[in-house]
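K.L.:
Mind folding the following:
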Amino acid sequence: MLPFNEVDLSAVLGASVVCMVIGSLWYSPLLFGNTWMNLVGLNKEHCQNPTRAFGLCFVATLVSIFVLALLLALLVPLGLEDGLLFGGLLWVGIAAPIHLGPVIWQGKDIKLFWIGSLENLLCILLSVAILMEWPW
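P.N.:
As a prediction, this is how the structure comes out:
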C-alpha cells in the first residue's frame with residue numbers, strides 16, 4: 001500500500017513554491033530566458049500574459065513533487081545523502097532522457113537540453129532536501 005499518510009503536504013507546497021521561484025529566475029532574462037526563447041522560437045509577445053502558464057506549471061509541479069514525496073516515503077528510512085542520490089538517479093534515468101529526446105529526434109540545439117534538464121536537476125535535489133528535512 002502506498003504511504004499517502006506519510007506525505008507532508010506543507011513540505012510539498014513549500015518545495016513547489018521553491019521550484020516555481022527557481023523556474024521563474026531560470027527562464028528570466030537574468031539567466032537563460034532569452035537563450036531559451038530563441039532556441040524554442042518564441043518572442044517576448046508570447047510571454048506577455050503568463051498567468052495561465054504559471055498556474056498550469058504550478059499544478060504540474062505540485063503533482064510531481066507529491067509523487068516524489070510518495071517515492072521518498074516508500075524508501076524510508078533514508079538519510080539526506082541517500083535521498084539526494086535517489087533524486088539524482090531520477091534525473092539521470094527519467095528527466096534528462098526526456099529532455100534529450102527533442103535534441104535527438106527534432107534536431108534541437110543541445111543548449112536546450114542543458115537549460116531544461118539542469119533546472120530539473122536543481123529542482124529535484126532541492127525538493128528532496130525540503131521534503132526530507134521539513135520542517136526546519
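
K.L.:
which regions of this protein lie under the pLDDT threshold?
P.N.:
Where the chain drops to pLDDT under 70, the residues are 136.

K.L.:
Could I get the full set of helices for it?
P.N.:
Using DSSP state H, the helices assigned to the chain run over residues 9-26, 33-40, 51-74, 80-90, 96-105, 110-133.

K.L.:
closest to Leu2 out of those?
P.N.:
For Leu2, the closest of the helices of the chain is helix 51-74, at 6.1 Å, according to Cβ to Cβ. Any C-beta I mention is one placed from the backbone N, CA and C, and that applies to glycine too.

K.L.:
Give me the contact list for the closest one.
P.N.:
2-4, 6-8, 11-13, 15-16, 19-20, 23, 78, 83, 86-87, 90, 123-124, 127-128, 131-132 (Cβ atoms under 8 Å, 6 or more residues apart in numbering).

K.L.:
Which among those residues count as buried?
P.N.:
Buried by 16 or more other Cβ atoms under 10 Å: 7-8, 11-12, 15-16, 19-20, 23, 78, 83, 86-87, 90, 123-124, 127-128, 131-132, out of these.

K.L.:
neighbours around the closest residue to Gly33 other than its chain neighbours, how many?
P.N.:
Sequence neighbours aside, Tyr27 is the residue nearest to Gly33 in space, at 4.7 Å (criterion: Cβ to Cβ, 6 or more residues apart in numbering). Look at Tyr27: counted by other Cβ atoms under 10 Å, it has 20 neighbours.
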